[in-house]
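1. make a model of this:
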Amino acid sequence: MITIDHTVQCKISDNSLISKCTSLSSQPSLPSLPSLDSHASDSPPPLCHCASTVTAHSSYVSGLAVYDSGTLISCSPDQNIKLWCTSNYQNENHELSNIVIASAVSKSPVKSVLVTKDQIIFTSHQDGKIRAWEANLQERDRKMLRLLAVLPTVKDRLFSILSPKKYIQLRRHKHCTWVNHADAVSALALSNDGEFLYSASWDRSFKFWRTCNFKCIESISRAHEDAINAIVVSKDGFVYTGSADAKLKAWRRLPGEKNHSLVATMERHKSAVNALVLSEDGSVLYSGACDRSVVVWEGFRGQMTAVGALRGHKKAVLCLAVKGDVVCSGSADKTIRIWRRETERGYCYLCLAVLEGHAGAVKSLAIFSHRDSESELSDKRNNGDSYVVYSGALDCHIKAWKLLLPN
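-> Numbers count the residues shown, from 1 in each chain. Have a look, this model is predicted:
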């Protein structure tokens, strides 16, 4: 394992969130689960370095997504969504440029971002809404993202208002139409074919949308006992939600059924679940929580079993990313840990590196693999797999980390 330290000085713009993250460090780890992390390896150590750092926003970086091989999307509570120019990956440094290709200013703090295969950008917001954006990067002078829709749409809202049956009870004396989130939309996820969008909210519900017309199809209210912080979808259509109630749940819409039904409830964390990510084949689910652990779940068709935990972070795990056998975890302890699953050694993960340099809690991660680029061919000749890990933090910075893993 190697440690990289690039110390930076930056003014933290959201002291309340820093305090919240700091308080989470008191949560104990999970003694009931075996540790899967190992430092023993016959392979040479990975080559890691911080290729570049940009000051991205005036508030913390709440979400990151890779738009294409040369563009990164970031979002922030400062209400801005930005598309950043990255290198063309012919440059071995893979630097993140300070150039903003396109941007937009929303009407509410932005919580998360994702992009579809058709390059439609969806952002979730503090005001309980979802916004869809389009970027036409072929026009040289175009610097703004075009707003396509605000979800729920006006048509959806009007239809729900006219029908009393469309109202749901949130609390004893508060009702809301079923198409509206009543609190911040914390996370978004896409179905494998890109036809459906899922949104999770602090109002304890998640909703199911059609991406072609932005119509709300279904709302699962009171899906958890507390705020939902994360949601992911497998290729075969299973939906996993993680909540501040310390539970994970698996959901599925069965063939011929209109609504999603609960498949399983998974309880191994002892504190709020902040992040979820699935392996590409859907057989491994990773959950990060305030107990400082990443729990590894394995199984199929919603029936997941906790096989162990990845430990090492000193504070809450806030974000996760995965690409192939490489798993990245970001924490309130200001570090990113790089793990690799050793499939030949059973339930074993190597902690390859601890990336240090952010001056605030790491809130968002994205990972890009160079398998289809010229630099990847060069890296293969050097017997390695090449990645770029992007990290966004409460220090308002985005960092690009070059990672070369030996075979």
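2. low-confidence ranges, this structure, go.
-> Under the criterion of pLDDT under 70, the regions of the chain flagged as low confidence span 1-28, 38-44, 87-94, 137-142, 161-176, 345-346, 371-383, 407.
3. rerun at 50
-> Judged against pLDDT under 50, the low-scoring parts of the chain cover residues 6-23, 26, 89-92, 372, 374-381.
4. mind listing the helices for it?
-> Listed in chain order, the helices of the chain (DSSP state H) span residues 15-23, 154-162, 374-381.
5. show me where the stretch 301-407 of the chain has its strands.
-> According to DSSP state E, counting those that start in this stretch, the stretch 301-407 of the chain carries its strands in the segments 303-310, 317-323, 326-331, 335-341, 349-356, 362-369, 384-393, 397-406.
6. give the partner strands of the second one in its sheet and their orientations.
-> Meaning strand 317-323. Partner strands and pairing direction for strand 317-323 (DSSP bridges) are strand 326-331 (antiparallel).
7. so the strand it pairs with versus strand 335-341, what angle?
-> Taking axes from the mean of the first three to the mean of the last three Cα atoms, to 10 degrees, one finds that strand 326-331 is oriented at 150 degrees with respect to strand 335-341.
8. which residues sit against strand 326-331?
-> The set of residues external to strand 326-331 that reach it, using Cβ atoms under 8 Å, 6 or more residues apart in numbering, is 277, 286, 288, 292, 294, 310, 313-322, 336-341, 349, 361-365, 367, 387, 389, 391, 393, 403, 405. All C-beta atoms are positioned from the backbone trio N, CA, C, and that covers glycine.
9. if you set the cut-off to 7 Å instead, what comes out?
-> The contact list for strand 326-331 (Cβ atoms under 7 Å, 6 or more residues apart in numbering) reads 286, 288, 294, 310, 313, 315-321, 336-341, 362-363, 365, 367, 387, 389, 391.
10. can you give me how far it is from the chain middle?
-> Taking Cα atoms, centre = their mean, to the nearest Å, the mean C-alpha location of strand 326-331 is offset from the chain mean by 11 Å.
11. then stretch 331-342?
-> Stretch 331-342 has its C-alpha centroid displaced from the chain centroid by 14 Å (Cα atoms, centre = their mean).
12. same question, stretch 67-81
-> Taking the mean C-alpha point of stretch 67-81 and that of its whole chain, the gap between them comes to 13 Å (Cα atoms, centre = their mean).
13. buried ones in that stretch?
-> With burial defined by 16 or more other Cβ atoms under 10 Å, the residues of stretch 67-81 counted as buried are 67, 71-81.
14. over to stretch 307-318?
-> By neighbour count, and taking 16+ other Cβ under 10 Å as the criterion, the buried residues in stretch 307-318 are 307-313, 315-318.
15. OK, contacts around residue 336?
-> By Cβ under 7 Å, 6+ apart, the residues touching residue 336 are 328-330, 355, 362, 365, 389, 391.
16. let's have these in a markdown table, adding neighbour count and distance to residue 102.
-> As requested, those are exported to a markdown table (neighbours: other Cβ atoms under 10 Å; distance: Cβ to Cβ, whole Å):
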| residue | neighbour count | distance to residue 102 |
| --- | --- | --- |
| 328 | 27 | 26 |
| 329 | 27 | 30 |
| 330 | 29 | 26 |
| 355 | 26 | 28 |
| 362 | 31 | 25 |
| 365 | 23 | 22 |
| 389 | 25 | 23 |
| 391 | 28 | 22 |
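17. check the burial of the nearest residue to residue 129 once chain neighbours are set aside by counting its neighbours.
-> Counting by Cβ to Cβ, 6 or more residues apart in numbering, residue 150 is the residue found nearest to residue 129 once chain neighbours are left out, at 5.6 Å. Residue neighbour count, defined by other Cβ atoms under 10 Å, stands at 17 for residue 150.
18. from residue 82, how far off is residue 150?
-> Separation of residue 150 from residue 82 (Cβ to Cβ, to the nearest Å): 19 Å.
19. for residue 48, same thing?
-> As for residue 48, its distance to residue 82 is 26 Å (criterion: Cβ to Cβ).
20. and if you look at residue 322?
-> 24 Å.
21. before we move on, what about residue 201?
-> Distance of residue 201 to residue 82, computed by Cβ to Cβ: 24 Å.
22. next one: residue 127
-> Residue 127 sits 20 Å away from residue 82, going by Cβ to Cβ.
23. pick out whichever of the two has more residues nearby.
-> For residue 127 versus residue 82, neighbours defined as other Cβ under 10 Å are more numerous around residue 82 (22 against 15).
24. name the nearest residue to that one, ignoring sequence neighbours.
-> Spatial nearest neighbour of residue 82, excluding adjacent residues (Cβ to Cβ, 6+ apart): residue 103 at 4.7 Å.
25. bridged to that neighbour, which residues?
-> For residue 103, the residues forming beta bridges with it (DSSP bridges) are residue 82, residue 144.
26. list the contacts for it?
-> Residues in contact with residue 103, defined by Cβ under 7 Å, 6+ apart, are 80-83, 143-145.
27. so what's the residue nearest to residue 208 when sequence neighbours are not counted up against?
-> If you skip the residues right next to it in sequence, residue 208 has residue 218 as its closest partner in space, 4.2 Å away by Cβ to Cβ, 6+ apart. Contacts for residue 218 were tallied using Cβ under 7 Å, 6+ apart; they are 207-208, 259-260.
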